[in-house]
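1. model the structure of this input:
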Amino acid sequence: MRHRKSFNHLGRNSSHRKAMLSNMATSLIMHKRINTTLAKAKELRSYVEPLITSSKEDTTHSRRMVFSLLQDKEAVTELFREVSPKVADRPGGYTRIIKMGRRLGDSADMAMIELVDFNELMLSDKGDAKAKKTRRRRSTAKASTAPEAPKAVKEETVVEAAPEPTNEADSSVDDNKDNEIVKE
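-> Residues are numbered from 1 along each chain as shown. Sure, this is the predicted structure:
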């Protein structure tokens with residue numbers, strides 16, 4: 001029984017499992033993406049993410065600790081030179097698992113595991129997503145269904161000036177009317 005056992009044994013004994021995870025981690029670091037079964041991908045994630053975290057600090061001790069698990073000089077060099085500078089500001093979650101469907105022969109769940117910062121397609125989408133900085137609660141359904149009506153342009157009314165009276169009598173009458181209006 002599997003009571004309270006925290007990891008998947010993957011149907012292998014301890015030495016075989018460690019060798020397989022070491023080889024898969026080396027392949028992931030060198031190729032940045034590998035295809036495997038879903039169970040192996042989940043176990044590989046828990047194996048390789050602590051290695052990437054320790055590679056952020058480039059010391060002799062951390063190199064020796066990573067080498068003791070990987071047993072491959074080229075993979076350790078690649079991890080410390082290429083991978084760790086790209087993930088330096090990331091607090092974790094260095095890998096992404098994408099389910100690929102079932103394998104044809106035995107119908108096993110297949111998955112692709114990749115390093116997050118090395119997928120150019122996702123990085124280009126991420127750059128577009130970062131342009132939006134604020135979250136808005138505004139509904140887009142109203143704006144997309146009803147076309148906007150053109151805004152009415154105010155027409156300026158031109159008031160023509162009244163002709164000036166030529167007679168003095170006419171001007172005095174107009175002045176009296178203005179005075180009456182003001183008094184009220």
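
2. now for the closest residue in space to residue 17 that isn't next to it in sequence: which residues touch it?
-> Nearest residue to residue 17, sequence neighbours excluded (CB to CB, 6 or more residues apart in numbering): residue 10, at 5.8 Å. To be clear about C-beta, it is placed using only N, CA and C from the backbone, and glycine gets the same treatment. Counting by CB atoms under 8 Å, 6 or more residues apart in numbering, residue 10 touches 17, 20, 39-40, 43.

3. and these, which of them are buried?
-> Buried by 16 or more other CB atoms under 10 Å: 17, 20, 40, 43, out of those.

4. okay if I get these as TSV plus pLDDT?
-> Putting the buried ones among the contacts of residue 10 into TSV (pLDDT from 0 to 100) gives the following:
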residue	pLDDT
17	96
20	97
40	97
43	96
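
5. of those, which pair is most distant in space?
-> Taking CB to CB, the two most distant members of the buried ones among the contacts of residue 10 are 17 and 40; they sit 9.9 Å apart.

6. any regions of the protein where pLDDT drops low?
-> Scanning the chain for pLDDT under 70 picks out 126-134, 136, 139-184.

7. all strands of it, in order?
-> Along the chain, the stretches classed as strands by DSSP state E are 33-37, 95-102, 109-115.

8. among those strands, which comes closest to residue 56?
-> Here strand 109-115 is closest among those (CB to CB), at 13.9 Å.

9. mind listing what the closest one pairs with, with the direction of each?
-> Strand 109-115 has the following strand partners under DSSP bridges: strand 33-37 (antiparallel), strand 95-102 (antiparallel).

10. now tell me what touches it from outside.
-> Contact partners of strand 109-115, identified using CB under 8 Å, 6+ apart, comprise 28-29, 32-39, 41, 44-45, 83, 87, 94-103.

11. show me how to select, in PyMOL, the buried members of those.
-> The following PyMOL line selects those of these that are buried, judged by 16+ other CB under 10 Å:
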select buried, resi 28+29+32+34+36+37+38+41+44+45+83+87+94+95+96
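
12. all helices for the protein, in order.
-> 14-31, 38-55, 60-70, 73-78, 84-86, 120-129, 140-145, 168-183 (DSSP state H).
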